[in-house]
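In: Let's see this in three dimensions:
(one chain, ligands or ions: 2)
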Amino acid sequence: MQKERPIVIPIASGKGGVGKTFVSVNISYALAELGKKTVLLDLDFGGANIHTCMGYDTAPDGVGNFLNQRNMKLPDYLLTTTNDNLKFIPGDAEMVGIANISAAQKRKLINQIMNLDADYVVLDLGAGSTYNTIDFFMMSSFGVIVATPEITSILNAYALLKNSIFRLLFVGLKKYPEAKEVFTGLMKKGGESAWKINELLDMLFEIDPEIHAETATIIDTFNPKIIINMANKPQDLAMGEKLRKISKNYLNIEMEYIGFLYRDKIVERSIEERKPLYQIAPDSQTYQTVVRMAYKIVNAKKMPYFLLDIDSYDESLEILMEEATDDLATKIDGYNELADENLISINELLSIVKNLEYENISLKRKIEELEQALLKVKR
Ligand SMILES: Nc1ncnc2c1ncn2[C@@H]1O[C@H](COP(=O)(O)OP(=O)(O)OP(=O)(O)O)[C@@H](O)[C@H]1O
Ligand SMILES: [Mg+2]
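Out: Ligands and ions are numbered 1, 2, ... in the order given. A predicted model of the protein is given here:
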C-alpha cells in the first residue's frame, strides 16, 4: 500500500527578521505535542539557524550536505529533539554556497521531502520572493506567511503573494500560448498601472471559457495563511486585514488568518536559553496562541497539497530570467496598489523604489554569473 504523503507547511515572509524561525520551531513542537509525527527542515539558504534554537553551536550535516552528496538520503540527516514526535534537519555551512540550487537538486530535495515518514513537514524558508523560496512555498496550499504590523513587512508579504500567484499562472498557462501572451502582456503593463487578476480572468474567458475555468481553479487552490507577529496593540490586527483585503481585491487570493502574536519577552528568553517555549513557558499566552495555530492547521480541510507538478521545476532558470527582467516593474506595480489603498506615503514609496533598483541590479549580476557558469558546464 502506498504510504500517505506528509502535509507540507512552508513558512515564509516577505521581509527578514519577522519571526519565521521562531514560528517554525514552536509550531513544530506544538504539532508534535498534539501527537503528530513532525519533521522540521531548515531551508533558509541565506541564514540557516534552526540548529541554534535546538542547542547546537554549529550545524551538523544537513540540507547542504545532502544536496552535494550523491548517495545520501534525506532521512539520513534527521536529528532528534526533546519531543519524540519531532525530528529536524538542519541547514548546514554547505548550504550557503548553493543559494541558486539547480532544478535537478531541487527536484531531488522535493521528492525526498514528500517521501519523509511524517504527518507534517514544516519548512523554515528564507525571506523574500526569490525563485527558490517561491518554489518551496508552492509545495503546499498550506503555505504560511509571517508578517509584522509594519508597512515594509506588509508590502513585502504582498510582493511574495503576488510573485507566487504569477509563478502559478506562468506555469499553468504555459500550454496555452494565446493565454500566456495575454498574461505576459498584462505583466508588462503592470509597471505603468495596477491591474487585477479579475481582468486577466475576463480576458481569458474571451479566448476560451475552459482556460478561464482552469485558471480560476488554479487561483482557488492557492489559500495561504497569515500570521501577524510582534504586535504591540490589538489595533495592529488591522494591518493583517489590509493585506487580506488587498490580496483578495487585486490577486483573488483568499487568505486565512491563523494567528496574531504579541511581542513578548519570553520569546527572547527562549532564544537565549535555546529552548522551545513549550519547555520554558508552556502556559504563556504566546505558546498557547501557537498551539491554537497548530490546531487550526491540523483541523484545516485538506487541499491538494502540491501546487506545482514536479516537472515544472525544470523551468526554474527560465522563469528566473523572465522574472528578473520584469521584476522591478512587477514589484513597483504592487506598491502602486498599496498607494491606491492609502496604505503608503509617497516618501515611503520613493525609498522602496530606490532599494528595489539596487536589488534588481544585483539580481541581474547574479544571473549573468549563473549564465557564465552554465556555459562553462555545457562546453
Ligand atoms: N513574538 C515575538 N516577541 C518578541 N520577540 C520576537 C517575537 N518573534 C520573534 N522575535 C524575535 O525576533 C528575532 C527574529 O526572529 P526570527 O529569527 O524567528 O525571524 P526570521 O523571520 O526567521 O528571521 P530571518 O529572516 O533572519 O531568518 C529573534 O530575535 C526573535 O527572538
Ligand atoms: Mg529565520
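
In: how about the residues of the stretch 251-379 of the chain near ligand 1?
Out: 261, 263-264, 267-268, 271 (C-beta under 6 Å from any ligand atom). All C-beta atoms are positioned from the backbone trio N, CA, C, and that covers glycine.

In: which residues touch the closest residue to ligand 1 within the stretch 101-250 of the chain?
Out: Here the stretch 101-250 of the chain gets closest to ligand 1 at one residue, residue 127, 4.0 Å apart by C-beta to the nearest ligand atom. The contact partners of residue 127, taken as C-beta atoms under 8 Å, 6 or more residues apart in numbering, are 12-18, 20, 44, 46, 133, 156.

In: can you rerun that using 7 Å?
Out: When contacts are counted by C-beta atoms under 7 Å, 6 or more residues apart in numbering, residue 127 touches 13-16.

In: Which of those sits closest to residue 140?
Out: residue 13 (15.7 Å; C-beta to C-beta).

In: In three-state terms, how would the closest residue to the closest one other than its chain neighbours be classified?
Out: Distances taken as C-beta to C-beta, 6 or more residues apart in numbering place residue 146 nearest to residue 13, at 4.6 Å, with adjacent residues excluded. Of the three states, residue 146 takes strand according to DSSP: H, G, I helix; E, B strand; the rest coil.

In: do you know how far residue 146 is from residue 17?
Out: Between residue 146 and residue 17 the distance is 10 Å, computed by C-beta to C-beta, to the nearest Å.

In: higher neighbour count, these two?
Out: residue 146 (28 against 12; other C-beta atoms under 10 Å).

In: Is the more buried one bridged to anything, and to what?
Out: residue 227 (DSSP bridges).

In: Quick check: which ranges of the stretch 51-200 of the chain have low pLDDT?
Out: 97-100, 190-194 (pLDDT under 70).

In: still on that earlier bit, and the residue nearest to residue 13, what is it in contact with?
Out: Taking C-beta under 7 Å, 6+ apart as the test, what residue 146 contacts is 11, 13, 18-20, 23, 227, 229.

In: again, only this time at 8 Å
Out: 11-13, 18-20, 23, 226-227, 229.

In: contacts with ligand 2 among these, please.
Out: residue 20 (C-beta under 5 Å from the ion).

In: Out of the contacts of residue 146, which is nearest to residue 249?
Out: Proximity of the contacts of residue 146 to residue 249 (C-beta to C-beta) peaks at residue 226, which lies at 15.3 Å.

In: nearest to residue 183, of the contacts of residue 127?
Out: residue 14 (22.7 Å).

In: Checking stretch 236-249 against ligand 1, do any of its residues make contact.
Out: No. Between stretch 236-249 and ligand 1, judged by C-beta under 6 Å from any ligand atom, nothing touches; the nearest distance is 11.6 Å.

In: Off-centre distance for that stretch?
Out: Stretch 236-249 sits 18 Å away from the centroid of its parent chain (C-alpha atoms, centre = their mean, to the nearest Å).

In: model confidence over it, on average?
Out: For stretch 236-249, the mean pLDDT works out to 88.

In: same deal with stretch 266-283?
Out: On average, the pLDDT along stretch 266-283 is 93.

In: For the remainder of this discussion, apply numbering that starts at 67.
Out: Sounds good: first residue 67 from here, last item stretch 332-349.

In: Pull the distance from it to the chain's centre.
Out: Mean-position distance between stretch 332-349 and its chain equals 25 Å (C-alpha atoms, centre = their mean).

In: for that stretch, which positions count as buried?
Out: 333, 336, 341-344, 347 (16 or more other C-beta atoms under 10 Å).

In: what's the neighbour count on the residue of the stretch 67-216 of the chain found nearest ligand 2?
Out: Closest approach between the stretch 67-216 of the chain and ligand 2, counting by C-beta to the ion: residue 87, at 3.3 Å. Neighbour count of residue 87, defined by other C-beta under 10 Å: 23.

In: and the residue nearest to it when sequence neighbours are not counted, which of the three is it?
Out: With C-beta to C-beta, 6+ apart as the criterion, residue 87 has its nearest non-adjacent residue at 5.4 Å, and that residue is residue 190. Secondary structure, three-state DSSP: residue 190 is strand.

In: Also residue 167?
Out: Applying three-state DSSP: residue 167 is coil.

In: Next: residue 301.
Out: Residue 301 - assigned by three-state DSSP - is helix.

In: Just checking the distance from stretch 243-261 to the centre of its chain.
Out: Distance, centroid of stretch 243-261 to centroid of chain: 24 Å (C-alpha atoms, centre = their mean).

In: typed the wrong thing, it's stretch 156-163
Out: Per C-alpha atoms, centre = their mean, the centroid offset for stretch 156-163 relative to its chain is 19 Å.

In: Residue 99 versus residue 168, what's the distance?
Out: 37 Å.

In: before we move on, which element is the residue of the stretch 217-366 of the chain found nearest ligand 1 in?
Out: Nearest residue of the stretch 217-366 of the chain to ligand 1, counting by C-beta to the nearest ligand atom: residue 333, 3.7 Å away. Take DSSP states H and E as the rule and residue 333 turns out to sit in helix 331-339.

In: quick check, that helix touching ligand 2?
Out: No. Using C-beta under 5 Å from the ion, helix 331-339 stays clear of ligand 2, with a minimum separation of 11.0 Å.

In: helices or strands up against that helix?
Out: helix 86-99, helix 343-346, helix 351-365 (3 or more C-beta pairs under 8 Å, 6 or more residues apart in numbering; DSSP states H and E).

In: could I have it exported to PDB, CA atoms only?
Out: Provided in PDB are the C-alpha atoms of helix 331-339 (Å, rounded to 0.1, in the frame of the first residue of the first chain):
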ATOM      1  CA  LYS A 331       9.900  38.900  26.300                       C
ATOM      2  CA  ILE A 332       9.500  35.200  26.800                       C
ATOM      3  CA  VAL A 333      10.500  34.700  23.100                       C
ATOM      4  CA  GLU A 334      13.800  36.400  23.700                       C
ATOM      5  CA  ARG A 335      14.400  34.200  26.700                       C
ATOM      6  CA  SER A 336      13.500  31.100  24.700                       C
ATOM      7  CA  ILE A 337      16.100  32.100  22.100                       C
ATOM      8  CA  GLU A 338      18.800  32.900  24.700                       C
ATOM      9  CA  GLU A 339      18.200  29.700  26.500                       C
END
